[in-house]
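In: Everything below, folded, please.
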Amino acid sequence: MPAPEIRPTTEADLPAITAIYEHAVRHGTATFELEPPDLAEMTRRYKALADGGYPYFVAVLDNRIAGYAYAGAYRPRPAYRFTVENSIYLEPSFHRRGIGSALLQRLIVECEARGFRQMIAVIGDSANAGSIGVHTSAGFKMIGTHPNVGLKFGRWLDTVMMQRDLGEGGRTVPG
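Out: All right, here's what the predicted structure looks like:
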């Protein structure tokens with residue numbers, strides 16, 4: 001199986017990204033959004049991340065956008081400025097092919113290069129074994145579960161919190 005090309009996202013990728021996310025909103029529990037955002041909103045979100053200095057990548061396989069991943073601010077207050085939250089979404093026909101892991105590894109390397117020290121994964125639905133496994137394989141540790149915090153598809157959903165050090169993590173204070 002060929003490895004995907006992982007490259008920085010461009011605005012030309014946003015229609016495919018919007019379609020991938022729309023499917024995740026309508027059919028999955030990885031996101032707690034209930035209505036999929038349109039292309040204009042996804043473009044606004046992409047530009048906000050890019051303007052904020054956060055990485056955003058797509059995986060290309062078989063000449064198609066197979067998935068995407070980005071990091072953004074974990075929380076808006078300045079003390080959190082060295083901590084990012086990651087997001088990864090795949091086109092359903094590309095699941096279980098190592099693409100999520102490849103995207104996450106690239107995201108980790110890029111976040112370390114940009115001086116971030118912690119990465120948080122907020123995983124929708126404690127039954128999301130695929131995402132939990134990908135994060136565990138990438139060195140994330142289980143922090144805890146928030147039970148029954150989201151209501152989607154007529155059922156209560158948990159969020160799973162996972163975390164990993166980036167670079168020196170909390171061992172030193174950035175200069």
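In: from here on, contacts and neighbour counts on C-alpha atoms
Out: Noted.
In: where exactly do the strands run in the chain?
Out: 5-8, 56-61, 64-73, 83-90, 118-124, 141-152, 155-165 (DSSP state E).
In: now these as a markdown table including distance to Ala19?
Out: Listed next are the strands of the chain as a markdown table, based on distance: least, C-alpha to C-alpha, whole Å:
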| stretch | distance to Ala19 |
| --- | --- |
| strand 5-8 | 18 |
| strand 56-61 | 13 |
| strand 64-73 | 10 |
| strand 83-90 | 10 |
| strand 118-124 | 19 |
| strand 141-152 | 20 |
| strand 155-165 | 24 |
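In: could these go into TSV alongside mean pLDDT and mean neighbour count?
Out: TSV is the format used below for the strands of the chain (pLDDT from 0 to 100; neighbours: other C-alpha atoms under 10 Å):
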stretch	mean pLDDT	mean neighbour count
strand 5-8	96	16
strand 56-61	96	22
strand 64-73	97	23
strand 83-90	97	22
strand 118-124	97	24
strand 141-152	97	14
strand 155-165	97	19
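In: Pick out the residue closest to the middle of the protein.
Out: Ser87 (1.1 Å; C-alpha atoms, centre = their mean).
In: Show the model's pLDDT score for the closest residue to Ala138 other than its chain neighbours.
Out: Leaving aside its sequence neighbours, Ala138 sits nearest to Gln105 (C-alpha to C-alpha, 6 or more residues apart in numbering; 7.0 Å). On pLDDT, Gln105 comes in at 97.
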